[in-house]
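> Predicted coordinates and the sequence they were generated for:
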Amino acid sequence: MNTDMFCFQCEQTVGGQGCTTMGVCGKRADTANLQDKLTSSLIKLANTCEKNEENTKLLIEGLFTTVTNVNFDDIEIQKIIDKVIEKSGNPDFDVQSIWTCDEDKRSLKSLILFGLKGMAAYAHHAWILGYKDEKVNYFFYEALIAVANEDITNDELLKLVLKTGDVNFKCMEMLDKANTQTYGNPEPTKVSMTIEKGPFIVVSGHDLHDLAMLLEQTKDMGINVYTHGEMLPCHAYPELKKYPHLKGNFGTAWQNQQKEFANISAPILFTTNCIMPVHDSYKDRVFTTSVVEYPECVHIGEDKDFRLIIEKALELGGYKEDKHMKGINGGDTLTVGFAHKTVLSVADKLIELVKAGKVKHIFLIGGCDGAKTGRNYYTEFAQLTPKDTLILTLACGKYRFNDLDLGEIDGIPRILDMGQCNDAYSAIMVAFELAKAFNCGINELPLSLILSWYEQKAVAVLLTLLYLDFENIKLGPTLPAFVSPNVLNILVEKFKIKPITTPKEDLKEILG
């Protein structure tokens, strides 16, 4: 292709087709091409090297590095490429060849590759906490070998697409176990959006382990810690909320960070995606760790020595008076902690409410947020849901409506925040348990999935839902550019996936 770059792995890609000169995410063409080279190198590694722990770790970290809004540092990406080539030699497969092959094969291979990148993120979080799974680890090799196979049939690829969903379900289950056995089962917790006066640090991303280590290193130092973005659900974990200086949540969704961080008198730590291009107005206050890197920003290595960010927090001093922040809809508190253990602990009550007609329907409104127009759909949808319905939510898409007060049904809040995108496992388990209680299939439940997607972790979750035979998923704001018309027809016919329309029309269709 006669382009500077080509990338269509996220929802916001230019024209709904692909970024060809610069990524909408802010990724430069040189960076995009290096990430393609890294992906090609990882495919060569999977095809030629021994399946051992060292190589698996490199595959997982390398794939995670290429997820949208993770690594913008060409020098550091090249270092990973060099490390992979040292083990396997120069790649003899160019991942860009996928984008120019038959559109259906391209579509199926893209679903596998992008789903694999998302699964790598989940596997990475679990690995850090000491949790690994042989089936999950082996599949990275199997799938990458298939992606490189030019003779593989579309039928074989379609089976592998669903297997990607199968293995990702196992991976999410492993991560749920890693998080809950390390930090306890989440508990319903009200989180303040007020930033108290004095020194503080804002932590963004998804990694619980990094937050735990920062909390330990800052205890009794007079420094408060605030979550940002998808770190919000961390307030619900007993082993994290026990630290009194974990005070609350800063700001709103990830795509607002450039505006919200511009005048902040504190450092920000990015532990995983989603980092946006860092403006000069706050570049000296941004620190990265793990797979996240950005040019000219201080990176904290595997030793997780947070002294530099602690010193920066003390130097900046924070705000002189309490700063009262608001959510997108004007709310000043957020409630988290309704993971599957919590929801299922009141399952009997929930079942009785459904049987009594007090809960007529349950909506799962979850997924990624983003800056592209059309995402106000999810706010409007939540606001229009009848008062006798519940909303389960997870991932950063909830920032569109999680500060709304939609009331309760017999003591159960109408909005139940189930956690990060990493916690989609919780929503699936609740659906399974309700189906068991009502002695019906999951698609016979009064349950509808209204999903927003942005990047590759959402792709992995979608493939899991398809593998588990969830039907009638409404997906938006737009359908993936990498899905061909023929593959889309398969998804529509087999799983009844539909694009969102308007909140009123979709609610009317769902509730009949």
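Arrived safely, thanks for sending. Numbering: from 1, shown residues only.
> nearest residue to K135 other than its sequence neighbours?
Spatial nearest neighbour of K135, excluding adjacent residues (Cβ to Cβ, 6 or more residues apart in numbering): K170 at 5.9 Å. Every residue, glycine included, has its C-beta placed from N, CA and C.
> and the one you found, how many neighbours does it have?
Residues lying near K170 (other Cβ atoms under 10 Å) number 16.
> try N33
For N33, the count of nearby residues is 18 (other Cβ under 10 Å).
> from memory it sits against C7, does it?
No: applying Cβ atoms under 8 Å as the test, N33 and C7 come out as separate, 9.6 Å apart.
> Farthest out from the centre of the chain, which residue is that? Tell me.
Here the chain reaches farthest from its C-alpha mean at A356, the gap being 35.7 Å by Cα atoms, centre = their mean.
> Next, it: phi, psi?
Dihedral pair for A356: phi -80, psi 0, per degrees, to the nearest 10.
> Find me the pLDDT at it, would you?
Looking at A356, its pLDDT is 95.
> how close does it sit to L350?
A356 is 11 Å from L350, where distance means Cβ to Cβ, to the nearest Å.
> go on, G366?
Taking Cβ to Cβ, one finds G366 at 18 Å from L350.
> check which helix or strand covers the residue nearest to K135.
helix 154-183 (DSSP states H and E).
> Quick check: next helix or strand after that helix?
strand 189-192.
> In that next one, which of the residues would be classed as buried?
Buried residues in strand 189-192, defined by neighbour count with 16 or more other Cβ atoms under 10 Å: 189, 191-192.
> for stretch 35-48, same thing?
35-47.
> Considering those, which is situated nearest to L384?
Of all the buried residues of stretch 35-48, the one sitting nearest L384 is Q35; the distance, using Cβ to Cβ, is 40.0 Å.
> for the chain, where's the lowest mean pLDDT among helices and strands?
helix 96-99 (a mean of 91; mean pLDDT, DSSP states H and E).
> which residues touch that one?
1, 6, 8, 18, 36, 106, 109-110, 113, 147 (Cβ atoms under 8 Å, 6 or more residues apart in numbering).
> Helix or strand next in line after it, which one?
helix 103-128.
> That following helix - what's its average pLDDT?
98.
> Could you report the pLDDT at N2?
Reported pLDDT for N2: 64.
> Output the contacting helices and strands for the helix or strand where E311 lies.
According to DSSP H and E, E311 maps onto helix 307-316. Packing partners of helix 307-316 (3 or more Cβ pairs under 8 Å, 6 or more residues apart in numbering; DSSP states H and E): strand 200-204, helix 208-218, strand 286-289, strand 298-300.
> how does it look with 10 Å?
The contact analysis (3 or more Cβ pairs under 10 Å, 6 or more residues apart in numbering; DSSP states H and E) places helix 307-316 against strand 200-204, helix 208-218, strand 268-270, strand 286-289, strand 298-300.
> now it and helix 208-218, what's the angle there?
60 degrees (axes from the mean of the first three to the mean of the last three Cα atoms, to 10 degrees).
> which parts of helix 307-316 are buried?
Under the neighbour-count criterion of 16+ other Cβ under 10 Å, helix 307-316 has 309-310, 312-313, 316 buried.
> With stretch 121-136 instead?
So, applying 16+ other Cβ under 10 Å, buried residues of stretch 121-136: 121-127, 129, 131-133, 136.
> These into JSON lines, with extra columns for distance to D410?
Converted to JSON lines, these look like this (distance: Cβ to Cβ, whole Å):
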{"residue": "A121", "distance to D410": "37"}
{"residue": "Y122", "distance to D410": "35"}
{"residue": "A123", "distance to D410": "40"}
{"residue": "H124", "distance to D410": "40"}
{"residue": "H125", "distance to D410": "35"}
{"residue": "A126", "distance to D410": "36"}
{"residue": "W127", "distance to D410": "42"}
{"residue": "L129", "distance to D410": "37"}
{"residue": "Y131", "distance to D410": "37"}
{"residue": "K132", "distance to D410": "42"}
{"residue": "D133", "distance to D410": "39"}
{"residue": "V136", "distance to D410": "40"}
